[in-house]
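Enquirer: Sequence first, predicted model second:
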Amino acid sequence: MPDEAPDLMKGHELAREWQLAPKTLDNWRYRGEGPPFVKLNGAIRYSRKACARWLEERSGGTAA
């Protein structure tokens with residue numbers, strides 16, 4: 001098991017970073033289309049690394 005804890009973000013943090021409405025992430029999650037997420041005691045969290053991979057896969061490998 002890695003020593004580092006995953007760098008997790010709340011939905012509104014990811015939405016702000018990606019310049020999206022938070023509702024967009026909600027809709028993607030509902031439809032199973034958005035970046036991977038985990039649910040911890042009912043709270044939705046997004047891993048920065050997983051989101052970066054997801055975005056890169058969909059942007060032709062040109063994500064920053």
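Expert: Yep, that arrived.
Enquirer: where along this structure do the strands fall?
Expert: 8-9, 38-40, 43-47 (DSSP state E).
Enquirer: what about those, which gets the closest to residue 29?
Expert: strand 43-47 (7.1 Å; C-beta to C-beta). In short, each C-beta sits where N, CA and C put it, glycine included.
Enquirer: Does anything pack onto the closest one? Which helices or strands?
Expert: If contacts are counted by 3 or more C-beta pairs under 8 Å, 6 or more residues apart in numbering; DSSP states H and E, strand 43-47 sits against strand 8-9, helix 11-18, strand 38-40.
Enquirer: Output these in TSV, with distance to residue 25 and mean pLDDT appended to each entry.
Expert: Output for the helices and strands packed on strand 43-47, formatted as TSV (distance: least, C-beta to C-beta, whole Å; pLDDT from 0 to 100):
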stretch	distance to residue 25	mean pLDDT
strand 8-9	10	96
helix 11-18	5	96
strand 38-40	13	95
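Enquirer: looking at these, which is buried most?
Expert: Of the helices and strands packed on strand 43-47, the one with the most neighbours on average (mean count of other C-beta atoms under 10 Å) is strand 8-9, at a mean of 18.
Enquirer: Quick check: can you name the pairing partners of that one and their directions?
Expert: strand 43-47 (antiparallel) (DSSP bridges).
Enquirer: just the CA coordinates of the partner strand, formatted as PDB?
Expert: Extracted as PDB, the C-alpha positions of strand 43-47 are listed here (Å, rounded to 0.1, in the frame of the first residue of the first chain):
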ATOM      1  CA  ALA A  43     -19.500  12.100   0.000                       C
ATOM      2  CA  ILE A  44     -18.400  12.100  -3.600                       C
ATOM      3  CA  ARG A  45     -14.600  12.600  -4.100                       C
ATOM      4  CA  TYR A  46     -12.400  12.800  -7.200                       C
ATOM      5  CA  SER A  47      -8.800  11.700  -7.400                       C
END
